[in-house]
Structure formats: C-alpha cells, structure tokens
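J.: sequence below, structure please.
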Amino acid sequence: MSHKFTIQQVASDNYHLFRDLVHWRVTGERKPAAGEPTGPELEFLKYEDFWVYAAQIGNAFVGWINAVLIPKPDRRRGLLYVDELWLAPEYRGKGIADALMEKVFCLARERELWKVRLYVGADNPSARSFYRRMGFVEDDELAVFCEWEVVK
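T.: Numbers count the residues shown, from 1 in each chain. Alright, predicted model coming up:
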C-alpha cells in the first residue's frame with residue numbers, strides 16, 4: 001500500500017487535524033479529540049519564530065515536527081531547535097520523517113542560520129540512528145541535558 005503524503009504547516013484552519021494527532025499520540029486512540037481547543041492551546045500559532053509541520057495522508061495527520069528559532073547574541077545567526085519529531089509507528093520507515101526533518105533544514109537554510117540542534121534520549125537507538133543518517137553528529141561528551149521543572 002502506497003502512502004502518498006504532503007507536509008503541511010499547522011495553522012488555525014487545520015489545527016483540528018493536529019489536535020487529533022496529538023490525542024492519538026497521548027492516548028493511543030485514533031479518533032477525534034473531544035471538545036473544542038482552548039485559547040491557550042492555540043497560543044503557539046501566534047509565534048512567528050516557532051513552526052509546527054505535520055505529515056498528512058488522506059484527511060489525517062500522521063506525524064509532526066516542531067522547531068523554534070533560538071537567536072545568538074554574536075555573529076552567528078542563531079539556530080533552529082527541534083523540540084519534537086513524532087510519527088505514528090505504522091508510518092515509520094516510509095520517508096515521512098525524512099521529509100519533516102528536511103522541512104526544518106529548509107527553514108534553517110532560508111534564514112541562513114548557524115545550525116539545527118536537537119536532543120535525543122540515549123535509550124532511543126532507532127531515533128539516534130535516524131538523526132545520524134540525516135547528518136546530525138552526537139556530542140554526548142561535551143554536553144549533558146538538563147531541565148528545571150517550573151510546575152511540579
């Protein structure tokens with residue numbers, strides 16, 4: 001079975017598809033999310049330097065990537081940080097994740113940015129292999145990932 005897909009920027013007119021996709025990822029249930037989106041839920045659409053792209057097959061989104069511009073206070077032009085890349089398991093290995101990542105690479109090239117950066121768990125060998133194949137270089141000896149939780 002062929003999986004023809006397109007990459008769409010998530011916006012107010014297709015947000016319902018994205019909301020269903022997030023529901024699918026969180027609950028494992030492939031059905032429409034209940035209720036209407038709230039104002040805070042749609043807030044990200046207002047940010048000019050934050051992008052969410054989704055892969056669409058038919059009338060459903062099957063995966064997404066999001067990235068944010070992090071400016072630098074020197075000669076470097078900043079970087080794009082990929083916060084999430086997720087693809088429904090049955091659509092993996094079909095070139096869709098490559099196309100989502102390439103969309104971020106295109107954004108970085110268009111803006112002449114310094115680099116694209118992301119975090120991947122050491123316990124996720126398939127994702128690490130994917131990112132290496134896409135040209136990322138692991139730098140685990142020079143950095144440690146840290147978080148500070150605002151709400152507990």
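J.: which outside residues touch the least confident helix or strand in the chain by mean pLDDT?
T.: In the chain, the helix or strand scored least confidently by mean pLDDT, DSSP states H and E is helix 39-42, which has a mean of 85. Identification of contacts with helix 39-42 by Cβ atoms under 8 Å, 6 or more residues apart in numbering yields 12, 15, 19. All C-beta spots, glycine's among them, are computed from the backbone N, C-alpha and C.
J.: with pLDDT and neighbour count added, can I get those residues in a markdown table?
T.: Formatted as a markdown table, the contacts of helix 39-42 follow (pLDDT from 0 to 100; neighbours: other Cβ atoms under 10 Å):
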| residue | pLDDT | neighbour count |
| --- | --- | --- |
| S12 | 91 | 9 |
| Y15 | 93 | 16 |
| R19 | 94 | 20 |
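J.: what packs against the helix or strand that comes right after the least confident helix or strand of the chain?
T.: Going down the chain from helix 39-42, the next helix or strand is strand 50-57, by DSSP states H and E. Applying 3 or more Cβ pairs under 8 Å, 6 or more residues apart in numbering; DSSP states H and E, one finds that strand 50-57 makes contact with strand 6-9, helix 15-27, strand 60-70, helix 96-110.
J.: what's the most buried one of those?
T.: strand 60-70 (a mean of 20; mean count of other Cβ atoms under 10 Å).
J.: distance from the least confident helix or strand of the chain to the middle of the chain?
T.: 18 Å (Cα atoms, centre = their mean, to the nearest Å).
J.: may I have that helix as CSV, with CA atoms only?
T.: Output in CSV follows, covering the C-alpha atoms of helix 39-42 (Å, rounded to 0.1, in the frame of the first residue of the first chain):
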residue,chain,number,x,y,z
GLY,A,39,-7.2,29.9,23.7
PRO,A,40,-4.0,28.7,25.4
GLU,A,41,-4.0,25.6,23.3
LEU,A,42,-3.9,27.8,20.1
